[in-house]
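Undergrad: Build me a structure from this.
(one chain, ligands or ions: 1)
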Amino acid sequence: MKKLIAGNWKMNGSMENALNLAKDVVAGIQENTQLLENNDFLVCPPALHLAPVRTELTSAVSLGGQDCSPFDKGAYTGDVSAAMLNDMKCDYVILGHSERRQYYCESNMLIKQKAEMALEQGLKAIICVGETEGEREEGREQEVVGQQLLESLPEGASADTIVIAYEPVWAIGTGKVATTDDIAAMHAYIRAQLKSNAKDGDKVRILYGGSVKPTNAAEIFAVEDVNGALIGGASLQAHDFLGIAQAG
Ligand code: PGA
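TA: As a prediction, this is how the structure comes out:
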């Protein structure tokens, strides 16, 4: 299966930065179309930048939201609905990122509701899971990730509708990366759970995320059941973002 190279731009940059970044990503792929043989590309800009960024993208790069509402429409001030993302020609939406779980107290149940809205609109839900450093020290990482996964999976979860991103919380934006043994163990565990709980679970993409860079991507991508990466910091420079795909 092709790897999914997904950039999570988070709440960074001006409109001008976003347009330039999108242009640079598209130009970099055009200069090296070989990258498309093994990789699919996705960028997830801030919601306000989706429409302008879309005008810069070609079919080589998909567009995604960073979150969506658990409600379909109406009086939910500040929310962006899955239908609105669909209207902006998004193909994906990131859900349950650890920053949302941590700063907005998002529960597995809420993430499941959001994922169901996403699926109703034909968006692929990238459901993020991952343990904290303390949970890993206590040896509870599989228990935590397993519960997040099973409680967040929407009805209709399948290889066509969902992607899982395993992101150990302590590795996000910190420069710390899980060892390849730890990544292998967790991805194998997630794969086993998906096989019993999602349609075509053996084909659901499982991304790794947490301080992925061009310098560590090759060893991460060599791990069994790593089907791409969810990239924060390094996705803000086209050169690094594409360098990660190149490394794989
Ligand atoms: P990072 O972020 O690459 O900056 O660690 C990853 C993410 O939060 O998805």
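
Undergrad: ok, residues contacting the helix or strand containing Q30?
TA: Here Q30 sits within helix 15-31, counting by DSSP states H and E. For helix 15-31, contacts defined as Cβ atoms under 8 Å, 6 or more residues apart in numbering pick out 7, 9, 13, 35-36, 41, 43, 45-46, 48-49, 52-53, 56-58, 60-61, 236-239, 241-242. Every residue, glycine included, has its C-beta placed from N, CA and C.

Undergrad: in the protein, which spans are helices?
TA: In the chain, helices defined by DSSP state H lie at 15-31, 35-38, 50-56, 82-87, 98-103, 108-120, 133-137, 141-152, 180-197, 214-221, 238-247, listed in chain order.

Undergrad: and P45, how many neighbours?
TA: Applying other Cβ atoms under 10 Å, we find 28 residues neighbouring P45.

Undergrad: Show me the one of the helices of the chain that comes nearest W170.
TA: helix 133-137 (3.8 Å; Cβ to Cβ).

Undergrad: So is that closest one next to the ligand?
TA: No - judged by Cβ under 6 Å from any ligand atom, helix 133-137 stays clear of the ligand, getting no closer than 13.9 Å.

Undergrad: could you give me the average pLDDT of that helix?
TA: Mean per-residue pLDDT for helix 133-137: 94.

Undergrad: May I see the buried residues of the helix holding Q30?
TA: Within helix 15-31, the residues scored as buried using 16 or more other Cβ atoms under 10 Å are A18, L19, L21, A22, D24, V25, V26, G28, I29.

Undergrad: Dump the helices of the chain to a markdown table, plus distance to I206.
TA: Shown next, in a markdown table, are those (distance: least, Cβ to Cβ, whole Å):
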| stretch | distance to I206 |
| --- | --- |
| helix 15-31 | 23 |
| helix 35-38 | 16 |
| helix 50-56 | 25 |
| helix 82-87 | 22 |
| helix 98-103 | 16 |
| helix 108-120 | 16 |
| helix 133-137 | 18 |
| helix 141-152 | 10 |
| helix 180-197 | 5 |
| helix 214-221 | 12 |
| helix 238-247 | 16 |
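
Undergrad: among these, which is nearest R205?
TA: helix 180-197 (9.9 Å).

Undergrad: Contacts made by that closest one with the rest, please.
TA: 129, 141-142, 145-146, 149-150, 153, 157, 164, 166, 168, 178, 201-202, 204, 206, 208, 219-220, 222-226.
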